[in-house]
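J.: Got a sequence here, can you model it:
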Amino acid sequence: MPTVRTLRSLLGICALTLGLTVAMAAAPTKAHAQVPVLCSETSLVNAINSANAAGGDTLALFPFCTYQLTSAHGTSPHGAVGLPPITTPITLLGLGVTITRASGAPAFRILQVEGAANVPGTKGQLSAVGLTIRGGSAVSPYPGGGLSNLGGTVSMLSSSVTGNTAVAGGGIYNDNGSVTLTASSVTGNQATSSGGGIYVNSGGVTLLGTVVRDNTPDNCAPSGSVVGCT
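T.: Numbering: from 1, shown residues only. As a prediction, this is how the structure comes out:
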């Protein structure tokens, strides 16, 4: 089991990646010291809960860790969520980090961001760097297998959303919020209806140097909702 001392020494590897977050539009407005997160499901769940309670934080994920989620740790009217819904400005700072639903785990999406436009009293903002979201499966009939953004703000840099499933928005579902993907990819996701990669119910999704391809039955829906994606 990695120790906090070991983690702190490895965090130096992330310094360059952290610098890139300055350019991310959804970065928390308050400065926070990095909070190291050991390579375990419990550590990540507890860190997000603590960050929400503190009004936001920057979580330095353990480099090259695969966080395997064995059960849902969040609930909402939109179905089960693997991690606690993000309701404050939170940065997930990774380097080769994957968050995935464990084999044999019940159905749930990986991440959900909640903002005041959809969930009164919340101010969810997610900034993710060097992160892969994999294997989410939203409970039918709810959308957003990898990530569901409900009125919040999401910025992803050098990240990947892959191998997720849902009725719509197999990779990403956006409703009344803002999503910006920079130097990232949305690939190999599946929807049983439409928007295998990204489904925009309302709000906006911006792609900057980002690849959205090889999703089923289509990459983005409705047609024309995401500039540069079909």
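
J.: Just the CA atoms of the lengthiest helix in the chain, as PDB, please.
T.: Ranked by residue count, the top helix of the chain under DSSP state H comes out as helix 41-54. Taking C-alpha atoms only, helix 41-54 is exported to PDB below (Å, rounded to 0.1, in the frame of the first residue of the first chain):
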ATOM      1  CA  GLU A  41     -11.400   3.500  -4.000                       C
ATOM      2  CA  THR A  42     -12.000   4.600  -0.400                       C
ATOM      3  CA  SER A  43      -9.300   7.300  -0.500                       C
ATOM      4  CA  LEU A  44     -10.800   8.800  -3.700                       C
ATOM      5  CA  VAL A  45     -14.400   8.700  -2.400                       C
ATOM      6  CA  ASN A  46     -13.400  10.300   0.900                       C
ATOM      7  CA  ALA A  47     -11.300  13.000  -0.800                       C
ATOM      8  CA  ILE A  48     -14.200  14.100  -3.000                       C
ATOM      9  CA  ASN A  49     -16.600  14.100  -0.100                       C
ATOM     10  CA  SER A  50     -14.100  16.300   1.900                       C
ATOM     11  CA  ALA A  51     -13.600  18.600  -1.100                       C
ATOM     12  CA  ASN A  52     -17.300  19.100  -1.500                       C
ATOM     13  CA  ALA A  53     -17.700  19.800   2.200                       C
ATOM     14  CA  ALA A  54     -14.800  22.300   2.100                       C
END
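
J.: Flag every buried residue along that helix.
T.: 41, 43-45, 47-48, 51-52 (16 or more other C-beta atoms under 10 Å). In this view, the C-beta of every residue, glycine as well, is placed from N, C-alpha and C.

J.: Out of those residues, flag the one nearest to residue 112.
T.: residue 48 (10.9 Å; C-beta to C-beta).

J.: surely that closest one meets residue 87?
T.: No. Between residue 48 and residue 87 there is no contact, the gap being 9.7 Å when judged by C-beta atoms under 8 Å.

J.: before we move on, the earlier item: following the longest helix of the chain, which helix or strand comes up?
T.: strand 57-61 (DSSP states H and E).

J.: What are the contacting residues of that next one?
T.: 7, 11, 14, 28, 32-37, 44, 47-48, 50-51, 67, 88, 90-95, 97, 131 (C-beta atoms under 8 Å, 6 or more residues apart in numbering).
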